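K.L.:
sequence? don't have it. structure:
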């Protein structure tokens, strides 16, 4: 990508790719493993890791590297530049308290959603997520709201890039069927998911808008044993839409 664009600095591109291969699955990596995950030569991976270590973004122990807390500066810059998250959190706490369920806010990043804020349920839910957690967009209510808002060409690019894997027996994996579902999301103004990412978990989400564009999605997630899909649609969906619209209005008033 960078070699085709004279305005892109190749070394910066590669350094960021190295940063992103570290995860909960890969908290510590050797030079060889980083090279394998990125597709870089071992020499390139080693130089980047040593540079990150010199700058304080990584540390090395027993020839394995891991990220340091300094990396959080990069994410904090994004969060602090958009202080309306605090406004959103007030509404999320209201939803969580009223429904006794968890509420989350997420944005689209490539083929995934990334969690920007989360208020856990007062009761236990089958999944545990935090700010910065990532999930595939296509089988989540948050993701489908964000995908439904994409222009046609961007949705085409997404479907070309993503692998629609069956995470449960209920996951929609046919591209044509997913397009139909996203069309329904646009018409309804919300997305309801029933056990497509994880069995036993249901959720409903609506879009948060700024200047006519969906910039994030708000949801509530529930245990299927506590709330039926019909109850989620009839009782929770209007509340989620109402709070998403309220957040949008407060952003516009800033």
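P.N.:
Structure's in. What do you need? Note that the structure is predicted; figures quoted are calculated from it, not measured.
K.L.:
make it CA atoms for all contacts and neighbour counts henceforth
P.N.:
OK.
K.L.:
show me where the stretch 1-150 of the chain has strands.
P.N.:
Ranges of strands in the stretch 1-150 of the chain, per DSSP state E, counting those that start in this stretch, are 58-61, 64-67, 102-109, 112-119, 134-136.
K.L.:
which of those sits closest to residue 89?
P.N.:
For residue 89, the closest of the strands of the stretch 1-150 of the chain is strand 112-119, at 7.1 Å, according to C-alpha to C-alpha.
K.L.:
by contact count, what packs against the closest one?
P.N.:
For strand 112-119, the packing partners by 3 or more C-alpha pairs under 8 Å, 6 or more residues apart in numbering; DSSP states H and E come out as helix 85-99, strand 102-109, strand 134-136, helix 141-148.
K.L.:
which stretch in these has the least confidence?
P.N.:
Comparing mean pLDDT across the helices and strands packed on strand 112-119, the weakest is helix 85-99, with a mean of 87.
K.L.:
residue 139 and residue 242: what is the separation?
P.N.:
Note on residue 139: its distance to residue 242, by C-alpha to C-alpha, to the nearest Å, is 23 Å.
K.L.:
and those two? Which one has more around it.
P.N.:
residue 139 (25 against 14; other C-alpha atoms under 10 Å).
K.L.:
distance-wise, check that one relative to residue 102.
P.N.:
For residue 139, the distance to residue 102 - C-alpha to C-alpha - is 18 Å.
K.L.:
per-domain residue ranges of this structure.
P.N.:
2-71, 82-252 (automatic domain parsing).
K.L.:
so of those domains, which one's packed in deepest?
P.N.:
Of those, the one with the most neighbours on average (mean count of other C-alpha atoms under 10 Å) is domain 82-252, at a mean of 19.
K.L.:
that one: how far from the chain's middle?
P.N.:
Taking the mean of its C-alpha atoms, domain 82-252 sits 10 Å from the chain's own mean (C-alpha atoms, centre = their mean, to the nearest Å).
K.L.:
cool, thanks, signing off.
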